[in-house]
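Visitor: pasting a predicted model and its sequence here:
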Amino acid sequence: MVCMKRTTTKQAPATAAVIAYVRVSTEEQANEGVSLAAQEARIRAYCAMRGLELADVVIDAGVSGYKALADREGGRRVLDMVRGRRVNAVVALKLDRLFRNCADCLEVTAGWDRHGVALHLVDLGGQAVDTSSAMGRFFLTVMAGAAELERNQIAERTSTAMQHKASRGERVGAVPYGFALDADGVHVVPVESEQTVIGLARELRAAGLSLRAVAAELANRGHMSRTGKAFQPHAIDNMVAA
């Protein structure tokens with residue numbers, strides 16, 4: 001009897017990608033430290049150092065960090081790639097580029113663990129984190145909690161300081177359009193030229209124009225914001241609601 005050797009053909013797994021995720025909110029785009037280009041440069045340097053072949057960079061420009069990843073256009077791409085097992089690692093510069101808070105981070109990355117997807121953070125409290133190892137996962141949990149604690153403490157101190165200023169009758173927050181800070185450094189006084197623009201905006205809005213149309217009409221008449229650019233719809237909304 002001749003025994004034939006049974007051979008098993010192993011199919012090589014498809015190569016999964018390593019992708020980067022970068023995000024800025026509208027206010028942050030001009031800041032060098034968190035700009036899209038600065039984030040990408042540091043991520044690419046990290047990947048080169050770790051021997052990671054970066055396949056794609058997913059960008060969310062002008063998107064608030066308070067939005068869940070699933071509510072961002074780029075964030076949905078990342079999640080779809082994770083669920084489709086087309087990626088085995090996601091690289092971001094910092095925790096707050098991807099997640100809203102500690103709980104959000106741990107919940108999302110727990111799901112990524114189940115899909116075999118590692119998270120790499122280039123800078124978490126000055127240290128790089130790679131959740132492909134048990135120690136990396138533990139370090140992420142600890143540092144994410146520490147970051148959340150620091151954020152909450154800052155918020156508490158800020159709130160206390162603002163309440164103290166308000167109790168003394170001092171101005172709290174930025175001076176709104178249409179006003180200027182008085183010489184006493186505490187009160188605000190109306191600015192005639194800006195009040196005229198506010199009045200015009202209210203007239204246009206009352207005539208049935210949308211917020212965007214009001215902004216466009218003001219720009220056509222030469223009325224710009226304090227930055228020299230056309231008013232944004234939310235600024236018009238603040239004007240007419242004041």
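Guide: Thanks, I have the structure now.

Visitor: checking the residue most central in space within the chain next. Helix, strand or coil?
Guide: Centroid check for the chain by Cα atoms, centre = their mean gives Gly65 as the closest residue, at 3.2 Å. Under DSSP: H, G, I helix; E, B strand; the rest coil, Gly65 falls in the coil class.

Visitor: what pLDDT does it get?
Guide: pLDDT for Gly65: 85.

Visitor: give me the below-cutoff pLDDT ranges for this protein.
Guide: Scanning the chain with the threshold set as pLDDT under 70 gives 1-16, 27-34, 145-155, 157-173, 186, 242.

Visitor: residue contacts, the residue nearest to the centre of the chain?
Guide: Shown in contact with Gly65 (Cβ atoms under 8 Å, 6 or more residues apart in numbering): Arg23, Ser25, Asp96, Arg97, Arg100. Yep, even glycine has a C-beta here, placed from its N, CA and C like the rest.

Visitor: out of those residues, which is most surrounded?
Guide: Neighbour tally across the contacts of Gly65 (other Cβ atoms under 10 Å): the maximum, 27 neighbours, falls on Arg23.

Visitor: which residues are in contact with that residue?
Guide: Residues in contact with Arg23 (Cβ under 8 Å, 6+ apart) are Gln39, Ile59, Asp60, Ala61, Val63, Gly65, Arg72, Gly74, Arg97, Leu98.

Visitor: that older thread, restricted to strands, list the contacts of Gly65.
Guide: Among the contacts of Gly65, the members falling in strands (DSSP state E) are Arg23.

Visitor: CSV for the contacts of Gly65, including distance to Ala55?
Guide: Output for the contacts of Gly65, formatted as CSV (distance: Cβ to Cβ, whole Å):
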residue, distance to Ala55
Arg23, 18
Ser25, 26
Asp96, 24
Arg97, 18
Arg100, 26
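
Visitor: picking that back up, make a ChimeraX selection of the buried ones in the contacts of Arg23.
Guide: Buried subset of the contacts of Arg23, written as a ChimeraX selection, criterion 16 or more other Cβ atoms under 10 Å:
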select :39,59,60,63,65,72,74,97,98
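
Visitor: quick one, phi/psi of Val82?
Guide: Dihedral pair for Val82: phi -70, psi -50, per degrees, to the nearest 10.
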